[in-house]
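Peer 1: My questions concern the predicted model and sequence given below.
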Amino acid sequence: MWSIANKLRGPYRSDKYKDVIIPMTIIRRFECALAPTKQKVVDQFKANPNFPAKAMYRISGFQFYNTSEFDLAELVNDADHIAANFKSYLQGFSANVLEILMSKERGLNFGEEIDKMDKNNRLLSVIKAFSELDLDPRTIDNVKMGYIFEELIRKFSENAEAGDHYTGRDIIKLMVNILLAEGCDDIFDDGKVITILDQACGTGGMLSTGYNFIKRYNPSADVRLFGQEINPESYAMCLAEMLIKGQNAENICYQDTMKADRFKGTKMRFVLENPPFGTAWGGKDAAEGVEDAVNAEYQKGFDGRWGAGLPGSGDMQMLFLQSAIDKMDDDFGRATIIENGSPLFSGGTASGESQIRRWMLDPKNDYIEAIIALPTDLFYNTGIATYIWVLSKNKRAERKGKIQLIDASTFYKKLRKALGDKKNEISPEDRSAVTKLYADFTENEYCKIYRNEEFIYREYTVMQPLQRSYAITAERIEAMLSKGSLSSLYDQSKVDELENAEELTGKDQKKLEAYQNNQPVYEAIVVALKAAVSEQIYNSPAEFMPVLTKALASATADKKLLDKIADGLSVMDKNAEIQRDRKGNIIYDKETKDTELVKWEESIEDYMAREVLPHIPDATAFFEEDLGKKKPVIKTGAEIPFTRYFYKYQPSTPSEELETRFKELELSVTERVAKLFE
């Protein structure tokens, strides 16, 4: 196929080779599949051109057919009319294949490429070369064909986003192994209908692998595959393979999953997917219409797909997680989903990411069964760390309320030759070992098991009592001005910025005039403070305010401004008086504000006694959460800092050893320099 692509040099840039090679590969694949029954179909069409399509499927043996007497090899024999004959041959395909090949909206728009190749004398050589390829499904099965399709995409899309197109079969096989390792006794029933969904199906690799595994275990199973894909080439190839498998073409949709669920109301037994990493659903980088669609769905609450919340607009991975849960069968649904590290811990306590994790971990939901860290350098477009999320609505009793963390980052073998960024692969032995770790559900070096609550935390605000001393010293005046205590009155940097602006709005003009009017007051305050400099320290506002008011009597009498100045002239001082409000309650110093994240199951009293009070004996913790408000205060969050749980302390090199090395290096350098001048 690479040699055929070389025939396109000149009229086509290398990144456009796929516009020809991919459609031609699909055409030849279909032609090889139909060859044994082709003549029967042609004869039937001659006898009755209006013969029903579904009846023709039975004759062809597939969910498609071709009524043309031509094939690629025959076309080559009439070089003078090859373009017209080729188009006639393509028109002989059933409507579902024509849509894949010729549609502008949902297909590959191949008609334009035929004319372009013909005009540039490339059509004959390309058709001849493809007519000699053996792509018969009986020779090259769906799995091998999937490799070919995805390698074509990888080769012609070197700048594809990580994981956007291609998840290696070694990864998919592990995902399917995990998926079927437990909770799946029902799939062995005779004639069992089993649904599998991939909401970012690419060329259908996950769907095909899931299909093959289940059919191997239960040949009588009725495995129905569903997929959505937005890349036109990937969609076309996926649909082509699904047709060869005898799947319903209507269940493979050219559709952005963020914009719509094409299988609304249909729950899935299994969900398998590798959504794109770091792809925006909102903002300037989002695809057209996606942000509006996501927000409209979010307004539906839990009647929609992302009732738990929206993650940051720069990454849609957690939207795929929620959508997968929405699609999973309510009684038996299971899913394995590839994610990068971001969904494990990104976002603060009140963020959408944190609240989505909290919802998944909530005992009422309990959706996360396991998270498995994969080796790096597994994907063709990226070497980053990735994880398999195992989701379930049918946890076995031992798993309920718990999460299994598996560190499988060392379970791989090196490839003899790297393929893109893929340097490692998961061997069958590695796959079995990881699956066993999962199924055994026993703690060891590679497996940790925790209650869901381990990853839920409360965010407390810790502050110290307000104890501040006050003074009018040169240092404190300078600190007060630097802190901006008088910036609401006058700010030289803002004045400079406004005066140097090319054009001022009416609002900015008023702001500049206010600053200019206030400048004399500002300067008078500074002069008065410097005239009142003293080393006297005051331990309460009550003592200090009369002194400050008197010192600034000639400059200002504004009480609010005086309070700001007093605050600016104060410093934290444990010898000062503890300040209280009118009711006698302690006032806390906001400048000492700190945040502590406390595990859900630990009392704040125990945490403070262990972590805070030994260092700050008078600190107090505050927790406020009101989920009933229109804009709720959220202080409960969740994160899964995976690597922290498998961290192994590595002692640093002793200083004596480092000293010896440094001296050896220094001696070596000195000797080499000396030799230069011998």
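Peer 2: Structure received. Numbers count the residues shown, from 1 in each chain.

Peer 1: What is the helix or strand of the chain with the lowest mean pLDDT packed up against?
Peer 2: Least confident helix or strand, the chain: helix 142-156 with a mean of 77, by mean pLDDT, DSSP states H and E. Here helix 142-156 touches helix 18-34, helix 169-180, helix 205-217, helix 232-244, going by 3 or more CB pairs under 8 Å, 6 or more residues apart in numbering; DSSP states H and E. For the C-beta atoms, the positions are set from N, CA and C on the backbone; glycine is no exception.

Peer 1: how far away is the nearest residue to residue 627 once chain neighbours are set aside from residue 87?
Peer 2: The shortest distance from residue 627 to any non-neighbouring residue, by CB to CB, 6 or more residues apart in numbering, is to residue 634 (7.1 Å). As judged by CB to CB, to the nearest Å, residue 634 and residue 87 stand 61 Å apart.

Peer 1: Which one's more surrounded, those two?
Peer 2: For the pair residue 634 and residue 87, the greater number of neighbours falls to residue 634 (20 against 15), based on other CB atoms under 10 Å.

Peer 1: so what's that one scoring on pLDDT?
Peer 2: Reported pLDDT at residue 634 in the predicted model: 92.

Peer 1: isn't it right next to residue 349, touching?
Peer 2: Yes - using CB atoms under 8 Å, residue 634 and residue 349 qualify as a contacting pair, with a distance of 6.5 Å.

Peer 1: what helices or strands is the longest strand anywhere in the chain leaning on?
Peer 2: Counting residues, the longest strand in the chain under DSSP state E turns out to be strand 588-599. Packing contacts for strand 588-599, counted by 3+ CB pairs under 8 Å, 6+ apart, involve strand 456-465, strand 570-572, helix 604-607, strand 620-622.

Peer 1: So for the second one, mean pLDDT?
Peer 2: It refers to strand 570-572. 96.

Peer 1: before we move on, back to that, and the least confident helix or strand of the chain with helix 18-34, angle?
Peer 2: 170 degrees (axes from the mean of the first three to the mean of the last three CA atoms, to 10 degrees).

Peer 1: Any buried residues in helix 142-156, and which?
Peer 2: Across helix 142-156, burial judged by 16 or more other CB atoms under 10 Å covers 142-143, 145-147, 149-156.

Peer 1: Show me the contact partners of it.
Peer 2: Contact with helix 142-156 is made by 1-2, 14-15, 17-18, 21-22, 25, 29, 135, 137, 140, 160, 165-166, 169, 202-205, 208-209, 211-212, 233-234, 237, 241, 244-245, 380-381, 419-420, as judged by CB atoms under 8 Å, 6 or more residues apart in numbering.

Peer 1: swap in stretch 265-272?
Peer 2: By CB under 8 Å, 6+ apart, the residues outside stretch 265-272 that reach it are 172, 175-176, 179, 187, 194-199, 206-207, 210, 226, 324, 327-330, 332-337, 391.

Peer 1: pretty sure residue 536 contacts residue 473?
Peer 2: No - using CB under 8 Å, residue 536 is not in contact with residue 473, being 9.0 Å away.

Peer 1: more crowded one of those two?
Peer 2: Higher neighbour count among residue 536 and residue 473: residue 473, with 15 against 12, using other CB under 10 Å.

Peer 1: I'd like the distance between the most centrally placed residue in the chain and residue 273.
Peer 2: The chain has residue 317 as the residue nearest its centroid, 3.3 Å off, counting by CA atoms, centre = their mean. Per CB to CB, residue 317 is found 10 Å from residue 273.

Peer 1: State the phi and psi torsions of residue 189.
Peer 2: phi -70, psi 140 (degrees, to the nearest 10).

Peer 1: Roughly how far does it sit from residue 25?
Peer 2: For residue 189 relative to residue 25 (CB to CB), the value is 38 Å.

Peer 1: cool, residue 187 as well?
Peer 2: Residue 187 is 33 Å from residue 25, where distance means CB to CB.

Peer 1: Could you check which of those two has the larger neighbour count?
Peer 2: Taking residue 187 and residue 25 together and counting by other CB under 10 Å, residue 25 has the greater number of neighbours (22 against 18).

Peer 1: ok, that one touching residue 135?
Peer 2: Yes - counting by CB under 8 Å, residue 25 touches residue 135, with 7.1 Å between them.
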